[in-house]
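# sequence plus the predicted model coming up.
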Amino acid sequence: LFISGMLFLMVNFNTRAFFINERTFLPAFFYLLLTSLNIESQSLSPIMPAAIFLIIAMISISDSYRVPGVAYNFFDAALMVSTGSLFYPGLLWFGILLFIGIAIFRTGNFIEILSALTGLITPFFLAAGIFYLTDADLSTLGKQFLDKLYFSESLNNYPRSFIIVSGFSGIILLAALGFLLGRVNTKKIKSRKIFFLLIWMLFLSLVLFFVIPSLSVELIWLIAIPASYILSHYFIYLKGRFVPELLFTLLIGSVIFLRVSVWLSNH
């Protein structure tokens, strides 16, 4: 259910904002493909509902474009990010995207910045009130949240097949990113701004993965959001047939190879 909802939102975001300029199911396909890279991430995880909250926040940020007066979309987006962080504390780091979004889509209105901060704080006040009324141990819960947010250290043992396939996928993603950057200035203003927001999201996700000890490979559920749109744009607009079809086939084949190799190693 979580994956189905996420795939629907991935397609709906582009259909609604039309920033790729093609109605396509490729973002959903690539999201499913990229999240299949890590076998461990296939089990039910708190990051799955958090990813849904994040994509809704991204949609809300993009809807702020050319809103007259004060755009309260950032309060809604902040509310989504903060609520998602109650499932997966690491999502709170993506609150940075709210202020990046204000810089990209708006003129930096103080009220919009304040509304974003208010949206980030509100769910925590509500949650603290509920925990207080139910006599929950707030100090223990707070410590657990901070540990998941930063202090706890994730131990990852990546198999060689995962490293190879991830490296290959990363090379294709870099090519897709370079292709997008070469064309982004030719796009409509709103499309350009959305792609800039997605690029910032991809950059932020990768920085957080390498810098924050508590964030682990499950972050693929969030990294795959901007990566899927960038790859979709690449394969739609890349000229010729041989190179796109070859890369597309190799990408699918590499994921199948990874799944089969892991299955064989477990049996």
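Here it is on my side, so go on.
# when you work out contacts or count neighbours from here on, use the C-alpha atoms and nothing else.
Noted.
# isn't F209 right up against W221?
No. The pair F209 / W221 is not scored as a contact, 12.0 Å apart, by C-alpha atoms under 8 Å.
# who has more neighbours out of these two?
W221 (24 against 18; other C-alpha atoms under 10 Å).
# next one: that one from S205, what distance?
Here W221 is placed at a distance of 10 Å from S205 (C-alpha to C-alpha, to the nearest Å).
# do the same with L114
Taking C-alpha to C-alpha, one finds L114 at 24 Å from S205.
# comparing those two, which residue is more hemmed in?
S205 (21 against 13).
# okay, and the more buried one sits in which element?
Taking DSSP states H and E as the definition, S205 sits inside helix 189-211.
# packing partners of the following helix or strand past that helix?
Per DSSP H and E, the first helix or strand lying C-terminal to helix 189-211 is helix 220-237. For helix 220-237, the packing partners by 3 or more C-alpha pairs under 8 Å, 6 or more residues apart in numbering; DSSP states H and E come out as helix 26-34, helix 47-62, helix 160-183, helix 189-211.
# quick one, helix 220-237 and helix 160-183 angle?
Between helix 220-237 and helix 160-183, the angle comes out at 50 degrees (axes from the mean of the first three to the mean of the last three C-alpha atoms, to 10 degrees).
# and helix 220-237, what's buried?
220-235 (16 or more other C-alpha atoms under 10 Å).
# residues in contact with that helix?
With contacts defined as C-alpha atoms under 8 Å, 6 or more residues apart in numbering, helix 220-237 is touched by 10, 20, 26-28, 30-31, 34-35, 47-48, 51, 55, 173, 176-177, 179-180, 198-199, 201-202, 205-206, 244, 248.
# buried subset of those residues?
10, 20, 26-28, 30-31, 34-35, 47-48, 51, 55, 173, 176-177, 179-180, 198-199, 201-202, 205, 244.
# residue ranges with poor pLDDT in the stretch 151-267 of the chain?
Residue ranges of the stretch 151-267 of the chain with pLDDT under 70: 154-156, 267.
# would you mind measuring from the residue nearest in space to the middle of the chain to S216?
Nearest to the geometric centre of the chain sits L222, at 3.1 Å (C-alpha atoms, centre = their mean). L222 sits 11 Å away from S216, going by C-alpha to C-alpha.
# what of G142?
Taken as C-alpha to C-alpha, the span from G142 to S216 is 21 Å.
# one more: S265?
Counting by C-alpha to C-alpha, the gap from S265 to S216 is 22 Å.
# these two: which is more packed in?
More neighbours surround S216 than the other of S265 and S216, with 16 against 7 (other C-alpha under 10 Å).
# next one: phi and psi at that one?
S216 adopts backbone torsions of phi -120, psi -160, taken as degrees, to the nearest 10.
# same deal with I256?
Dihedral pair for I256: phi -60, psi -40, per degrees, to the nearest 10.
# what about it, neighbour count?
Neighbours of I256 (other C-alpha under 10 Å): 16.
# contacts only, for I56.
By C-alpha under 8 Å, 6+ apart, the neighbours of I56 are 9, 77, 80.
# what is the nearest of these to I252?
Nearest to I252 out of these is L9 (C-alpha to C-alpha; 22.3 Å).
# could you find the closest non-adjacent residue to the closest one?
Excluding its sequence neighbours, the residue lying closest to L9 (C-alpha to C-alpha, 6 or more residues apart in numbering) is I55, at 7.1 Å.
# I'd guessed the one you found sits against F8; true?
No. I55 is beyond contact range of F8, at 10.7 Å (criterion: C-alpha under 8 Å).
# helix, strand or coil for N21?
coil (DSSP: H, G, I helix; E, B strand; the rest coil).
# on contacts alone, who are the packing partners of the strand or helix carrying V81?
Counting by DSSP H and E, the element that carries V81 is helix 73-85. Packing contacts for helix 73-85, counted by 3+ C-alpha pairs under 8 Å, 6+ apart, involve helix 47-62, helix 96-105, helix 110-133.
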